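Undergrad: Everything below, folded, please.
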Amino acid sequence: GSGGKLRKGLSRRRLRDSRLVKWLGDWIHAREYWVPTRESLARGWLIGTLSACSPFMGAQIIMALPFALYFHANIPLILFLILLTNPITAAPYYYAAYELGSFVLGLNQGQNTPPPEAVTPPDLPPIDTSWAVTDSMLAVLVGCAIIGVTIGVTGYLLIHLFWKPGPRRARPLAPFFFYG
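TA: Below is the predicted model:
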């Protein structure tokens, strides 16, 4: 019969006994990381949008996790927000961030860009700038920062503004054995 076989699959005990969870410790079981409250969701929204809007795809979860743990933010919301920037949505998002960053930095206006001869005098050897941050990279960084901060702070404030606490449960004033 099947009574002697071990049941395969994910159980609370198997999860608790896994190496990863043991390495992470008991704090990973803390309620505020998993149960949505107004404060944990607001913190999760802020951390999630800031990391989701960063231009470092692939490192977003690694960047967000320490902040989530330190600030007791809602981890499922953070993961959901990070997964919104995926290979399908990345191209339009980073293009919009580039355009916003270019506009803020004044890169597309032509009159602010000095002619090439003014940057490198002819009597100096050319400088290797292959390692340097280009104008395009800087525009993407600035655009991502503006979008992330704007959406993150707006969402944080809206969650606090519109989340109304539910009714409190009636609790007895004293344990049952004090009632006579």
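
Undergrad: If you count neighbours, what's buried in the helix or strand in which residue 45 is found?
TA: Assigned by DSSP states H and E, residue 45 belongs to helix 38-52. Neighbour counts over helix 38-52 (16 or more other Cβ atoms under 10 Å) mark 39-52 as buried. (Each C-beta comes from the backbone N, C-alpha and C, glycine too.)

Undergrad: Output the longest helix belonging to this structure.
TA: helix 135-162 (DSSP state H).

Undergrad: What residues of it count as buried?
TA: Within helix 135-162, the residues that count as buried by 16+ other Cβ under 10 Å are 138-148, 151-152, 155-156, 159.

Undergrad: about what we covered before: for the helix holding residue 45, what is the average pLDDT?
TA: Averaged over helix 38-52, pLDDT sits at 96.

Undergrad: Now the element after it, going C-ward?
TA: The helix or strand immediately downstream of helix 38-52 is helix 60-71, counting by DSSP H and E.

Undergrad: Counting by contacts, list what that next one packs against.
TA: Secondary-structure packing of helix 60-71 (3 or more Cβ pairs under 8 Å, 6 or more residues apart in numbering; DSSP states H and E): helix 38-52, helix 75-84.

Undergrad: hang on, the earlier thing: and which of the buried residues of helix 38-52 is nearest to residue 78?
TA: Checking the buried residues of helix 38-52 against residue 78 with Cβ to Cβ, the nearest one is residue 48 at 3.9 Å.

Undergrad: number of nearby residues for the nearest residue to that closest one once chain neighbours are set aside?
TA: Of all residues not flanking residue 48 in the chain, residue 81 sits nearest, at 3.3 Å (Cβ to Cβ, 6 or more residues apart in numbering). Other residues near residue 81 number 24, with proximity taken as other Cβ atoms under 10 Å.
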